[in-house]
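Visitor: missing the sequence, but the structure's below:
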């Protein structure tokens, strides 16, 4: 493990080189999330360093649709950059660092403003899993109320304290709403975090439509979503491969 | 007719060669359904073997938007593969085999998660035909509640028993919802099954919008949908030709 | 004027040659309406012959997105073809012939199944003009109930009697809904008919969204829509030019 | 400062040459707003002359998606053209001139008919800020009721009096709805005005969806939107750069 330097000291050391394909997947993930309408001009996704648990990768402050491998930066878990070289950093990078601290088994984080999730973040109506594809929402979806953590803010996660507060709200869940702002989705790998970010938005759309029909709604039963989440053959690979193929098109 | 081998025996024999154009139509059908937003990363469509009633064709487990003719596999009605050659199979292929067993006049099956149909599958509000283009919904749309067949499941049709249960719910209808999951649409040929899958989604959108207006809704009368369904000039060829042209574009 | 032959007699004579640009505009109109989501696999648009009031032009039975100038056919007002040459005709061409008979000042007709208009055709909630761009809806939008004209039908306008009944419902209005089916929009020229078809759909979307907000809605006042409709500078040219440019792109 | 000539006199003098990049940004802004679905066949955006506070630039009367640098015209604040050269002018250019008169700190104005904002303009339900990205809506969004200014009209801002009335309704706000018509969004630079036009539409969509969920909604608190609007690092550059890149694609 690498020592994390205190603020003001020298920059943290790198966790070491990683495969180009690993970085390429992070870039593709951003492009996929943009193409799927989950990320727009804002939002970001990161991966933990595969060889150093206390480092993660996140692009410079650019729109997800346009980043390239050369825009990927390395951070320690206090979100200090290893090698900034004048690149602009995301104000909200602390989301990533603090979630990696709190959740050792999480290796990828997506922060988005996906359009049908925001309305649930400001509503008293809870987001609930409508179909087998979004069983990961089954245990409940916490909603981070930043006002509880820091009173009046601009709603952005501008420091480690706010990142820690968000990570606390996320707890052991896979997705956490952020009131008036968006959400985070996490996973053991980038494919899983991307899948969850996309299908949180899909589920929000399905649930909003089901509510609009005006009848009673049957959500997944506890036994059902637990069974699905305990399966090892959840088959996220199929959409992942399709999405990759789509954004690779010239 | 070809004998179907029992599980564990040698693979079933092929029903014999078919025209390339026949296979190409199955591939185009998948691409059309993806382009129309009926299939996404999941879902599949199959056709019965034209010369062997107890065989059907279905692609390997890939996203519908990306399959090619070489991905098409042949199965017997127990959904055992004729010639697997290491290709990954859809977990839910039993949907197809069991519907072909139960419905001799059906020669094509689409299983989809189309987005506006899922909300009806979890709602007490029934899907009903709003316009002449979806008269095939007129007799009523059954909803397969997997919990009634097998208690707690992951909602997937993972074996012949569940496929049979779904086929039983489908009965003599053209479309059957699957609670918290999606739907199946069937037809005497692939054009008809694709048409029904697309227009089930279209009708769901139209009905949801009509409900949202808040007034009383006049659905097709029984005499109307029966008259339409008994017509022989339903003219599915026009959109079918248009859709094919669209997905063929380079 | 040219004599219209009775059914069974020789085909009607042509109203004479017309400019290629005139036919091209009809083709572009179809492509525009497809690109705008007003026409899909079904629906059609026609223009009256510029030199013979009792003839009109309409494409052969093809999807609007794919027609070319060579698909345009000429009809008399009983919708008998001048020169069929084996081309398939729209079953519902009688819509056009009978409206041209009933409305001498109308020179273009669009029949569509545009998606947000159909819900109004089956709802007790009336379509009303929300903004200045759809002032042409101001006098009220009649809804053709085919059951009143012919009891149980397949909802299609399959003959001159049904065409006449629809034209009667249309009366002096610019747009008429067709219950469970779609609508017609008419105009003194093709630009105006296309504009009205597009903005009927736009207004339906705006009104549906305004209803969903749950408050009181202020529609255009009578003085407002009358003033707008009496203006001679309604400026339909701007979107018309933009739409043409868009569909011309290779 | 340049003297503005009275109506009927010689045309006003130019405020002097400006950088090509400045004009290019105005053209790109139009293309961005068209690509984002904020402007369609109608609507326009302008910038104040950077060296002459009493001149502004606005394209000739063309659809925003198709304008080029050569279509940009210069006007004085009475909206008289410096050099018309037979080009067709927007009927509603008075919106721009009068806002520039009333708001010296405003240097860019967008007038749009963006689709989800119009429903709020005719509804008793007020538009309110749902998320940090639309904090600029926080102080309230006035709604210009043209009937109060001029009784029965065609709703268009056809002269300086109506432009002045609209500017009066706008007051010190950043956005003003126009009943049955659309809205205006203003900013200290074109990036800001474009951002506000886009995110007014985004907020309208989010709020409409939140309302449709049926629960209670928590809008931004006063302290929150004030804090956000007082920040100097609002980071509109990121989407602005992304949008530019998108419309520049060949």
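Guide: Arrived safely, thanks for sending. Keep in mind it's a predicted model, so treat the numbers as computed, not measured.
Visitor: ok, the residue of chain A found nearest chain C - contacts?
Guide: At 8.1 Å from chain C, residue A:212 is the closest residue in chain A, using Cβ to the nearest Cβ. Just so you know, the C-beta spots here come from the backbone N, C-alpha and C atoms, and that holds for glycine as well. The neighbourhood of residue A:212, defined by Cβ atoms under 8 Å, 6 or more residues apart in numbering or on different chains, consists of B:119, B:208, B:211-212, D:212.
Visitor: Buried residues of the one helix or strand it maps to, list them for me.
Guide: According to DSSP states H and E, residue A:212 maps onto helix A:190-213. When burial is assessed from 16 or more other Cβ atoms under 10 Å in any protein chain shown, helix A:190-213 yields the following buried residues: A:190-213.
Visitor: Just want the angle from that helix to helix C:190-213.
Guide: 90 degrees (axes from the mean of the first three to the mean of the last three Cα atoms, to 10 degrees).
Visitor: avg pLDDT for helix A:190-213?
Guide: Here helix A:190-213 scores 98 as its mean pLDDT.
Visitor: after that helix, next one along is what?
Guide: helix A:222-230.
Visitor: Okay, buried residues for that following helix please.
Guide: A:224-225, A:227-229.
Visitor: Is whichever helix or strand comes after it in proximity to chain B?
Guide: On the C-terminal side of helix A:222-230, the closest following helix or strand by DSSP H and E is helix A:237-248. Yes. Judged by Cβ under 8 Å from any Cβ of the partner chain, helix A:237-248 and chain B are in contact via A:238-239, A:241-243, A:245-246.
Visitor: Output those residues in JSON lines; the columns should cover neighbour count and pLDDT.
Guide: Shown next, in JSON lines, are the residues of helix A:237-248 next to chain B (neighbours: other Cβ atoms under 10 Å in any protein chain shown; pLDDT from 0 to 100):
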{"residue": "A:238", "neighbour count": "18", "pLDDT": "88"}
{"residue": "A:239", "neighbour count": "21", "pLDDT": "91"}
{"residue": "A:241", "neighbour count": "15", "pLDDT": "90"}
{"residue": "A:242", "neighbour count": "19", "pLDDT": "90"}
{"residue": "A:243", "neighbour count": "24", "pLDDT": "94"}
{"residue": "A:245", "neighbour count": "12", "pLDDT": "90"}
{"residue": "A:246", "neighbour count": "15", "pLDDT": "90"}
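Visitor: filter the buried residues of helix A:222-230 down to the ones close to chain C.
Guide: Applying Cβ under 8 Å from any Cβ to the buried residues of helix A:222-230, one finds that nothing falls near chain C.
Visitor: What is the nearest of those to residue B:159?
Guide: residue A:227 (15.1 Å; Cβ to Cβ).
Visitor: just checking, the closest one touches residue B:155?
Guide: No. Residue A:227 is beyond contact range of residue B:155, at 9.0 Å (criterion: Cβ atoms under 8 Å).
Visitor: Let me see the backbone angles for the spatially most central residue of chain A.
Guide: Centrality entry for chain A: nearest residue to the mean C-alpha point is residue A:110, 1.7 Å, by Cα atoms, centre = their mean. Main-chain dihedrals, residue A:110, degrees, to the nearest 10: phi -120, psi 130.
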